[in-house]
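In: Could you look at this predicted model? Sequence included:
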Amino acid sequence: FLGSVQAVCFENEFAPCEKLEASAKGLDVSFLPGLEAIFQLQDKIRQRELARRLGIEAPRMEVLDGRQAPEQQMKQVVAAFPRGWVLKWARLGYDGYGTLISGGTNDVRARPFLDAAKKKGIPVFAEEKIPFRRELAVVAVRSARGDWASYPLVISSQRNGICKHVQGPAGAWGADPRLELQAAQAARRLGESLQLTGAYALEFFETIDGKLLLIEIAPRVHNTGHYTQDAADTSQFENHWRGIMGLGLGSPRTEPAFAMWNLLGPEHVVTCPALPNPTARCHLHWYGKKEFRPGRKLGHLNVRASSPDELPGLLRELEEVDRDWQNRTHGSS
């Protein structure tokens with residue numbers, strides 16, 4: 001396969017980099033982003049080490065010794081973060097999977113979480129539990145010829161560790177403009193350091209005292225940038241391909257206000273035959289996935305507005321569409 005193509009890009013960062021490198025030896029094929037960048041970013045411990053080198057602030061962390069018994073590992077965690085901790089798998093974690101937020105000093109969920117990671121050969125790290133105001137994200141794009149652009153900083157709201165909706169620009173909802181500048185600068189330093197190509201995203205906490213702390217990095221188009229399909233001059237998807245192919249980047253300008261609402265697989269439902277029935281102001285993007293799991297992203301809705309004042313009403317509209325779909329889906333089961 002690699003001998004039959006000129007370039008390979010990635011849907012996600014869970015790629016077997018060593019196997020790909022060995023398989024491509026002697027072939028005239030490019031990987032975009034490069035395998036070294038994918039390797040660095042597919043492991044959250046390496047992400048944090050890279051961030052530290054680049055001067056991008058992140059929560060304090062402790063890498064656990066997987067050779068120790070879970071009880072010993074948890075003693076290390078509680079000693080390091082007595083006021084609260086979060087355990088994270090270094091690899092293969094997404095949408096809340098591979099993350100455990102402390103439920104007390106003797107959290108009974110810790111042992112199976114650590115045992116599962118050990119069985120998969122995944123390192124685990126702990127970080128301090130951050131009292132945060134909100135989660136923020138920025139999508140940037142870098143061209144193979146070095147051009148760079150970023151979309152606005154947005155607010156990301158979670159449900160059970162999974163992004164439920166995004167709204168922005170964050171500055172229209174009270175975020176300090178300096179945070180947007182810091183996020184864009186961090187994204188640019190990261191992109192240039194790794195020579196990234198295409199779209200990529202950084203997720204942050206905005207702390208109670210107004211600081212920006214890096215949560216994680218994704219070297220691909222990102223869920224928090226899906227609003228760009230209907231609210232930006234150039235979507236993240238188009239700019240992703242422009243970046244990879246070394247073309248000029250399209251404008252990242254957006255509407256004055258916008259939102260994206262994820263349609264997540266309902267609880268206790270194994271089939272979802274009913275598609276959402278959005279209103280005229282909602283733009284539906286349905287993924288056509290064949291497997292339905294509770295919490296799985298099955299599609300999303302986008303809205304845009306000429307003023308931030310219009311957005312609360314549009315968000316209520318999105319919620320009503322989602323509720324109607326959930327009710328009809330439950331009825332079909």
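Out: Arrived safely. What you see is a predicted model, and the numbers here were worked out from it, not measured in a lab.
In: which ones are touching residue 223?
Out: By Cβ atoms under 8 Å, 6 or more residues apart in numbering, residue 223 lies in contact with 163, 166, 260, 262, 297, 300. Every C-beta, even on glycine, is put in place using the N, C-alpha and C of the backbone.
In: Throw those into a markdown table and include pLDDT, thanks.
Out: A markdown table is the format used below for those (pLDDT from 0 to 100):
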| residue | pLDDT |
| --- | --- |
| 163 | 92 |
| 166 | 97 |
| 260 | 97 |
| 262 | 96 |
| 297 | 92 |
| 300 | 94 |
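In: any idea which of those has the most stuff around it?
Out: Taking other Cβ atoms under 10 Å as the neighbour criterion, residue 260 ranks highest of the contacts of residue 223 with 28 neighbours.
In: ok so, going back, can you name the two of the contacts of residue 223 that sit furthest apart?
Out: In terms of Cβ to Cβ, the contacts of residue 223 reach their longest pairwise distance at 166 and 297, which sit 12.4 Å apart.
In: Tell me the predicted confidence for residue 280.
Out: The pLDDT attached to residue 280 in the predicted structure is 78.
In: next one: residue 78
Out: 92.
In: Provide the secondary structure category for it.
Out: helix (DSSP: H, G, I helix; E, B strand; the rest coil).
In: same thing with residue 186?
Out: helix.
In: I'd guessed it sits against residue 54; true?
Out: Yes. Judged on Cβ atoms under 8 Å, residue 186 makes contact with residue 54 at a distance of 7.5 Å.
In: before we move on, back to that, closest to residue 74 among the contacts of residue 223?
Out: residue 163 (28.7 Å).
In: and residue 214, how many residues sit next to it?
Out: 22.
In: Now do the contacts for it.
Out: Residue 214 makes contact with 47, 48, 51, 56, 57, 58, 186, 202, 203, 204, according to Cβ under 8 Å, 6+ apart.
In: secondary structure class for it?
Out: strand.
In: Please name the bridge partners of it.
Out: residue 204 (DSSP bridges).
In: now swap in residue 7 and tell me
Out: residue 30.
In: just the contacts of residue 223 now: which is nearest residue 310?
Out: Set against residue 310, the nearest of the contacts of residue 223 by Cβ to Cβ is residue 260 (15.5 Å).
In: would you say the closest one is within a strand?
Out: Yes. Assessed with three-state DSSP, residue 260 lies in a strand.
In: quick revisit: reformat the contacts of residue 223 into CSV and put distance to residue 112 next to each item.
Out: As requested, the contacts of residue 223 are exported to CSV (distance: Cβ to Cβ, whole Å):
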residue, distance to residue 112
163, 25
166, 32
260, 34
262, 28
297, 25
300, 32
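In: Neighbour count for residue 186 and residue 54, which is higher?
Out: residue 186 (22 against 14).
In: what's the closest non-adjacent residue to that one?
Out: residue 56 (4.7 Å; Cβ to Cβ, 6 or more residues apart in numbering).
In: Residue 75: which element?
Out: helix 70-80 (DSSP states H and E).
In: Could you give the separation between the terminal residues of stretch 103-113?
Out: Start-to-end span of stretch 103-113 (Cα to Cα, to the nearest Å) is 13 Å.
In: List the buried residues of it.
Out: 107, 110, 113 (16 or more other Cβ atoms under 10 Å).
In: quick one, strands of the stretch 1-150 of the chain?
Out: Secondary structure of the stretch 1-150 of the chain by DSSP state E, counting those that start in this stretch: the strands cover 7-9, 30-32, 61-63, 85-89, 99-101, 124-128, 132-142, 148-150.
In: which secondary element of the chain has the worst mean pLDDT?
Out: Sorting the helices and strands of the chain by mean pLDDT, DSSP states H and E puts helix 311-332 at the bottom, at a mean of 83.
In: Can you mark which positions in that one are buried?
Out: In helix 311-332, counting by 16+ other Cβ under 10 Å, buried: 311, 314, 315, 317, 318, 321, 322, 325, 326, 329.
In: Now do the last one against residue 42, distance only.
Out: Read it as residue 329. For residue 329, the distance to residue 42 equals 34 Å [Cβ to Cβ, to the nearest Å].
In: Ok, the first one next?
Out: In this structure, residue 311 and residue 42 are 35 Å apart, going by Cβ to Cβ.
In: Any chance you could list what contacts the helix or strand containing residue 189?
Out: Using DSSP H and E, residue 189 sits within helix 177-194. The contact list for helix 177-194, computed with Cβ under 8 Å, 6+ apart, reads 33-34, 36-37, 40-41, 50-51, 54-56, 136, 138, 140, 142, 148, 150, 152-153, 169-171, 196, 200, 202, 204, 206, 210, 212, 214, 217, 219.
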